[in-house]
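>>> Quick one: sequence plus predicted model below, questions after.
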Protein chains: 2
Amino acid sequence: MKYGPDWQPPEVDWTSTRGRILLAAASLFAARGFFGTSTRDIADAVQIRQPSLFHHFEAKHAIYQSLVELDLGPSVARIRQYLAEDISWAAKLHLTIACDVRQALDQPFDSRGLYQDAVLSLPELADERAGIAVFHELVERVVTAGCEAGEFVAFEPGFVQRAMNGVLFETLREQGGPGGRVRGRRPLEAADFVLRALLVDNGDLADLQAATMARLTAIPRGRG
Amino acid sequence: MKYGPDWQPPEVDWTSTRGRILLAAASLFAARGFFGTSTRDIADAVQIRQPSLFHHFEAKHAIYQSLVELDLGPSVARIRQYLAEDISWAAKLHLTIACDVRQALDQPFDSRGLYQDAVLSLPELADERAGIAVFHELVERVVTAGCEAGEFVAFEPGFVQRAMNGVLFETLREQGGPGGRVRGRRPLEAADFVLRALLVDNGDLADLQAATMARLTAIPRGRG
DNA sequence: GTCTATAATAGGATAGAC
DNA sequence: GTCTATCCTATTATAGAC
């Protein structure tokens, strides 16, 4: 099942025409939005003719769909893994945020144009809506458990999930997407910001930072 | 000057055709985005013919522009006022966040479809881009001063401004816009979340809450 | 101030040659 | 796998009657 425990998105050869379409479309979606980008714009950027796109993707929304899969799939997989590990709830959340920011800054395509409600409400993107709902549910589970364990103060989990997403998205918007000069500390800063808001005892933060940093540096960089 | 110290948006009669166009357009922009909403969609919702729109607004983007003015104008005016008051930096920021959320939930139109980079990059919306930049600059000024005064921990002001915006926007998305059952505590929760992340001493939070609450209840409600 | 009629263009997608 | 040619629809906006 898509976005299920054993699913992962198909590999992409970024030098192939299909890969270059995805890269160009992602940049255009980020700059002008899905509806503000025409298939001609994308084709021009890849230097092919507009109808040739439809040999690689059945429709415009399929390009967007593939990009969401590539961005969301690993995020869902990671938080599933952290949930299974024997670490504190705070550590699970800190890792989730930091690794999500790090992935978005490391991956070759720009993810800032994805996750727009107006696009996701297209009927063809039902799987992606469901996948996002799964991610949100897993985050809420961590927040709820962290509250019950006394690690977090009592905000509503739904609110926290939203607030965390807001911090995540805006951090990416600020960074200007892949290719910008990455501020290396942003993944940790974003995670620290959210955890400081949640933690009952901010004294725990230094340990979280050290643990997350150790695992962040273990992620392969520069895939693009 | 638009969005300057003495500027405020023109009053709107929400029962007039012009007002009803703004209300309908705001809801549609929130649900399907600016580019995903056609002038026909808006006209249908107001029960007039599509060309009649152009008697009230010179172009589609002028509708969007008016909505941004109505939402952003009061926000900029408020933060200017808080900057002039003799209260702590933390109080200025707490008030800014809480009152912004409260306004968005109280005003008659849905503001969730505004502030999209893809739309704001239209050349006709240069004033609105500038207005948003002014708001961001004023927020950063509060954050920077709060850090220097030792009230806030040392995050980068630009990052904090982004994170705060993310929390703001996502809080509104969660609430479902005006007309949804407003969770009365959301303005305070959003402000608390950001201030907890920033404050060196979380013990100051209770005072902030009390001060903000006193001024929030003084805002007239139910304009819609 | 709202209407009908229509201009002018841009959009996504298909057919079929090479 | 890419091309040219083209279809069909939707879109923003204008003209001019009432």
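Thanks, I have it. Residues are numbered from 1 along each chain as shown, chains lettered A, B, ... in the order given.
>>> Can you dump the C-alpha atoms of the helix or strand of chain A at the bottom of the mean pLDDT ranking in PDB for me?
None of the helices or strands of chain A scores lower by mean pLDDT, DSSP states H and E than helix A:157-175, at a mean of 93. The C-alpha coordinates for helix A:157-175 follow below in PDB (Å, rounded to 0.1, in the frame of the first residue of the first chain):
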ATOM      1  CA  PRO A 157      -1.700  17.500  19.600                       C
ATOM      2  CA  GLY A 158      -3.500  18.600  16.500                       C
ATOM      3  CA  PHE A 159      -2.300  22.100  17.100                       C
ATOM      4  CA  VAL A 160       1.200  21.000  17.700                       C
ATOM      5  CA  GLN A 161       1.300  19.000  14.500                       C
ATOM      6  CA  ARG A 162       0.100  22.100  12.600                       C
ATOM      7  CA  ALA A 163       2.600  24.300  14.300                       C
ATOM      8  CA  MET A 164       5.400  21.900  13.600                       C
ATOM      9  CA  ASN A 165       4.500  21.800  10.000                       C
ATOM     10  CA  GLY A 166       4.400  25.500   9.800                       C
ATOM     11  CA  VAL A 167       7.900  25.800  11.100                       C
ATOM     12  CA  LEU A 168       9.000  23.100   8.700                       C
ATOM     13  CA  PHE A 169       7.600  24.700   5.600                       C
ATOM     14  CA  GLU A 170       8.700  28.200   6.400                       C
ATOM     15  CA  THR A 171      12.200  27.000   7.200                       C
ATOM     16  CA  LEU A 172      12.300  25.600   3.700                       C
ATOM     17  CA  ARG A 173      10.800  28.700   2.100                       C
ATOM     18  CA  GLU A 174      13.500  30.800   3.800                       C
ATOM     19  CA  GLN A 175      16.300  28.500   2.600                       C
END
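>>> which strands and helices sit next to that helix?
If contacts are counted by 3 or more CB pairs under 8 Å, 6 or more residues apart in numbering or on different chains; DSSP states H and E, helix A:157-175 sits against helix A:89-106, helix A:126-148, helix A:186-198, helix B:157-175, helix B:186-198. (Glycine included, C-beta is placed from N, CA and C.)
>>> And the residue of chain A closest to DNA strand C?
residue A:51 (3.0 Å; CB to the nearest atom of the strand).
>>> ok, back up a step: got the angle between the least confident helix or strand of chain A and helix A:126-148?
On the basis of axes from the mean of the first three to the mean of the last three CA atoms, to 10 degrees, helix A:157-175 is oriented at 110 degrees to helix A:126-148.
>>> Can you list the buried residues in helix A:157-175?
Within helix A:157-175, the residues that count as buried by 16 or more other CB atoms under 10 Å in any protein chain shown are A:157, A:159-172, A:174-175.
>>> Show me what from chain A comes close to DNA strand C.
A:37-41, A:50-51, A:54, A:58-61 (CB under 7 Å from any atom of the strand).
>>> give the contact list for the residue sitting furthest away from the middle of chain A.
Distance from the C-alpha centroid of chain A, by CA atoms, centre = their mean, peaks at residue A:49 (30.8 Å). Taking CB atoms under 8 Å, 6 or more residues apart in numbering or on different chains, we find residue A:49 in contact with residue A:43.
>>> Tell me the confidence at it?
The confidence metric pLDDT takes the value 98 at residue A:49.
>>> just residue A:217 next, same as before
76.
>>> what does stretch A:15-29 contact?
Contacts of stretch A:15-29 (CB under 8 Å, 6+ apart): A:12-14, A:37, A:41-42, A:45-46, A:48, A:53, A:56-57, A:63-64, A:66-67, A:70, A:108-111, A:113-114, A:177.
>>> Cross-check those against DNA strand D and keep the overlap.
Within the contacts of stretch A:15-29, those near DNA strand D by CB under 7 Å from any atom of the strand are A:48, A:56.
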